[in-house]
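*Asks:* Just need the structure, nothing else, for what follows:
(2 chains)
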Amino acid sequence: MDYQFKDIEQKWQQFWADNQTFKAEDKTTKPKYYVLDMFPYPSGAGLHVGHPLGYIASDIFARYKRLKGFNVLHPMGYDSFGLPAEQYAIQTGQHPAVTTEDNIATYRRQLDQIGFSFDWSREVRTSSPDYYKWTQWIFMQLFNSWYNRAADKAESITKLVEHFEKNGSAGVNAVCDEDILSFTADEWKAMSPNTQQEELLKYRLTYLRESTVNWCPALGTVLANDEVKDGFSERGGYPVEQKKMMQWSMRITAYAERLLQGLDTIDWPEPLKEMQRNWIGKSIGASVRFPIEKPAHNLELNAHYIEVFTTRVDTIFGTTFLVIAPEHELVTELTTPGQKADIEAYIAQTKKKSELDRMADAKTVSGTFTGSYVLNPLNNELVPIYIADYVLAGYGTGAVMGVPSGDQRDYLFAKHSNLNIIPILDTQNITTEADPTKEGKYINSDFINGLTYKEATAAVIAKLEEIEAGKAKVNFRMRDAIFGRQRYWGEPVPVYFKEGLPHLISESDLPLLLPEVDKYLPTESGEPPLARAEGWKHPDGEYELSTMPGWAGSSFYWYRYMDAHNDKEFASKEAIAYWKDVDLYIGGSEHATGHLLYSRFWNKFLKDIDLVIEEEPFKKLINQGMIQGRSNFVYRLIDEEGRGTNTFVSHGLIGQYKTSPLHVDVNMVENEVLNINKFKAWREEYKNAEFILENGKYICGVEIEKMSKSKFNVVNPDDLIARYGADTLRMYEMFLGPLEQSKPWNTNGIEGVFKFLRKFWRLFHNDAWVFTLSDAEPTKAELKSLHKIIRKVEEDIERFSFNTSVSSFMIAINELTDLKCNNRRVLQDLVITLSAYAPHICEELWVMLGNEAGTLSYAAYPKFNPAYLVEDEFAYPISINGKTKMNLNISLSLEPKEIEEFVLANADVKKYLDGKQPKKVIVVKGRIVNMVV
RNA sequence: GCUCAGAUGGUGGAACUGGUAGACACGCAGGACUUAAAAUCCUGUUCCCGUUAAAGGAGUGCGGGUUCGAUUCCCGCUCUGAGUACCA
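*Replies:* All right, here's what the predicted structure looks like:
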């Protein structure tokens, strides 16, 4: 029979499901290997050809590892809480759980027909109560923990309470809020329970904090920074404003240093590590306190100094002014009556500008004098205090020392405000701009004059510490993560409020189920949708009304797969001890600073409290490239009045007409030629469309864009599978190019892969399509082809070069076809080798070869034998001055000296040398002969 | 602006540690089979010059360098993509 991919693929997908072929074992002597894909959000649009790219790669890898004798865990699930289902609910009233269920069914059907070897018995859904029970449980552990800097790990809050009871707050070195109290043990014990709780909240790893958030009134929710684009919500495009709210936060900053250090221990793409490093944004410098000069208006001040952070403390003698952010808490106090009007006007103007304007407007310099002064702590010079919006309240201390000779922004500000610019290094050139050099010797700098950068930095810090005006300090850009959304479709926070204080619900009450509501919108008074839930009340107080953010459920899911049905723990100790961590993680780089950072954070926390073993969750990570869409356009002719007509101009002729481009469905276009009949049938309005053709064809325009429904450039895997089968699709997606590279989708080459599989099938059959094999000894040539591909696939998979092994398979099949090979032993090994890529056809042939159904996935990968590839001759390229002129077959047993003699004696070589004696002959054994003339 | 990645035929791409540039596939051209089409098979296909299938020459974004030899290493630049940004 000819290659009937439809029957074969359906048959084996059914078989795998019925027999749970890919169920991973928890008790086995085999070594473990954990291959994980980033689980998808099940959107309503279903899968397009870009989605499975990473899944196919990981599936090939998982299947390959099984053949190599590993116990492979390769699970799949759904990150099923999220905004789209909720938006749909708001519009239609359909419960997000129903929408999600439908979408998952579509995803599952599409995934199944690609033939993945997932262990579906471990499926997880973040929106299912038996899953989010554990998300809530981990939240509770975070609430019950604090970060002990002395131990450099998270510890139980009860340990902190014990310390307070014994020693008061003395000797506690915690990552915590800034406004913690100092108290003795007796004072602690004298506090009311509520006061104690209030104090403890400042230490907990998840805590309440007033934060400025991106509030979107139209969506009725808070958005993350990456959900806001240009001041509008990414989804829906509604305006977003800044608003202060009490929010749950996660003290991820406690882990900043460990998150940074850990990057050096994991095998991740360098660009992605770099993104995380930038995000964490460690900078090493010093904090310096500038004492405030008693102001002219003679009022009593609460503050006595302004603290700044600087990475160039060595430049302190170049300070000619101080700048604080307009939002800085001391602004009002520092403003003298004479400057009050100016300052208020400036603040008002700043407020009007959105965050984005402020960034885009980086070139314009502005700022206003407060009227007050500080003293330079090292030389007591009077330094004026300004406010300016180039200083950000949210970074460092919200105040900087202005050193115009060394910092370009300070330079511009000094020019703008007519302030002094003092050179501080003898090498500095500051005639037109600041010079941030560290070379040279210091000048105008008191006791560091003549020193080098390194010496000066050390000397200044030593002096500042001596006079208690500053110290060396490390600053991080990363902020604590807000952990709450005012929306419905997420995990309820397992907390109730009593007398204004948060309390955890009892562990036995988990999961705290998401209640039913009549509408999915915020209440009229602006409370989150959960406020609509009738009778949803804790016996002792009011439940928290916000839900957890999207990243909560995905921050530990890889552990849940290890023991997906455990209702006592999120995963058992034994399961975690066996599976430990993810060996290979494949997913998109868009999660670089979100999911991949939060997951590392939670993992480190779970390790601190001894629930997991590894410090890092994902040992090796690969980012698959984005598959872009290839949009096609038709060009509508515009008439003299500027109105669109029903005539369309072919792409090559649009220069001669006035036209406007329109997206056209890519499924009506083949090789840029529009199928005119399909186009006319596409929409009623095009029924009578007319065309201006070139060479009798309508040629469409092309552009590379994101794949999206609205651009009509979505290529659906279902159509391709119907036409060519899953094995072809799998191999073609790999054949497209390197996995990590982004590329536009193009179906043009898929025929080549399909032909390849048919050719492979034909090897096992005679001309009449009857399965016919020979049991003879394999020939030398057959074994050579086979072992070449055995080695190649091994090498390629280990370095994730899937595209090159597909090419090599084609070469092997071409060679074996030429050899008319139908040798059972050769072909059986070939079936195993190819099975990771094209599992269905291989399963079918495996059974036809007389093997037991379903055993292929656990067969042994053929052992490579180098003996079959040994050559005794090599066609040496003979080059003259580096240009290849000819090839000569020379025995590989010859040594370089003998090769040189042999080559020089050759008649053709003599002809090329034209009687001349080469100056030098380079012979690299087994590679090349080069003669220098 | 900064950081990172990349640039190879008409197209997707290959060349792993410097050693025959263009594997494999698409497309295209020609041919075989066929009444015809589809399917299949065969041949050719980097460019220029040119011929009987010769012989040359150029060539991996651009300009230099190191080397017997560079797509690969070094320096400078151009362009493309991604991330990020008054971060003190």
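*Asks:* I'd like to know which helix or strand in chain A has the lowest mean pLDDT.
*Replies:* The helix or strand of chain A with the poorest confidence is helix A:355-360; it has a mean of 50 (mean pLDDT, DSSP states H and E).
*Asks:* How is chain A divided into domains?
*Replies:* A:139-250+A:481-543, A:282-476, A:639-711, A:717-868, A:871-932 (automatic domain parsing).
*Asks:* Kindly reformat the ones you listed as a markdown table containing mean neighbour count.
*Replies:* All C-beta spots, glycine's among them, are computed from the backbone N, C-alpha and C. Formatted as a markdown table, the domains of chain A follow (neighbours: other CB atoms under 10 Å):
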| stretch | mean neighbour count |
| --- | --- |
| domain A:139-250+A:481-543 | 17 |
| domain A:282-476 | 17 |
| domain A:639-711 | 15 |
| domain A:717-868 | 18 |
| domain A:871-932 | 14 |
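*Asks:* Same list (the ones you listed) but as a markdown table, adding distance to RNA strand B.
*Replies:* Putting the domains of chain A into a markdown table (distance: least, CB to the nearest atom of the strand, whole Å) gives the following:
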| stretch | distance to RNA strand B |
| --- | --- |
| domain A:139-250+A:481-543 | 6 |
| domain A:282-476 | 3 |
| domain A:639-711 | 7 |
| domain A:717-868 | 2 |
| domain A:871-932 | 3 |
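*Asks:* which SS class is residue A:815?
*Replies:* Applying DSSP: H, G, I helix; E, B strand; the rest coil to residue A:815 yields a three-state assignment of helix.
*Asks:* pretty sure it is touching residue A:787, no?
*Replies:* No - taking contacts as CB atoms under 8 Å, residue A:815 lies outside contact range of residue A:787: 11.8 Å.
*Asks:* What residues does the residue of the stretch 401-550 of chain A found nearest RNA strand B make contact with?
*Replies:* Residue nearest to RNA strand B within the stretch 401-550 of chain A: residue A:477 (3.7 Å; CB to the nearest atom of the strand). The contact partners of residue A:477, by CB atoms under 8 Å, 6 or more residues apart in numbering, come to A:278-283, A:395.
*Asks:* hmm, 7 Å instead?
*Replies:* Contact partners of residue A:477, counting by CB atoms under 7 Å, 6 or more residues apart in numbering, are A:280-281, A:395.
*Asks:* What pLDDT does the model give it?
*Replies:* If you check residue A:477, the pLDDT there is 87.
*Asks:* what's around residue A:54, how many residues?
*Replies:* A count of nearby residues for residue A:54, using other CB atoms under 10 Å, gives 22.
*Asks:* which SS class is residue A:930?
*Replies:* strand.
*Asks:* Verify the contact between it and residue A:922 for me.
*Replies:* Yes - at 4.4 Å, residue A:930 counts as touching residue A:922 under the criterion of CB atoms under 7 Å.
*Asks:* about what we covered before: now the domains of chain A in TSV, please, with extra columns for distance to residue A:40.
*Replies:* Below are these laid out as TSV (distance: least, CB to CB, whole Å):
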stretch	distance to residue A:40
domain A:139-250+A:481-543	16
domain A:282-476	31
domain A:639-711	15
domain A:717-868	14
domain A:871-932	48
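*Asks:* Residue A:611 is nearest to which of those domains?
*Replies:* domain A:139-250+A:481-543 (7.9 Å; CB to CB).
*Asks:* which other residues reach stretch A:62-70?
*Replies:* A:30-33, A:35, A:72, A:74, A:117, A:797, A:832, A:835-836, A:839, A:857-861.
*Asks:* In strands, which of those fall?
*Replies:* A:32-33, A:35, A:72 (DSSP state E).
*Asks:* Pretty sure residue A:652 sits in a helix.
*Replies:* Yes - counting by three-state DSSP, residue A:652 is part of a helix.
*Asks:* who's in contact with it?
*Replies:* Counted by CB under 7 Å, 6+ apart, residue A:652 has contacts A:694, A:699.
*Asks:* Tell me the confidence at it?
*Replies:* Value for residue A:652, per-residue pLDDT: 72.
*Asks:* which residues do residue A:930 and residue A:922 both contact?
*Replies:* Common neighbours of residue A:930 and residue A:922 (CB under 7 Å, 6+ apart) do not exist.
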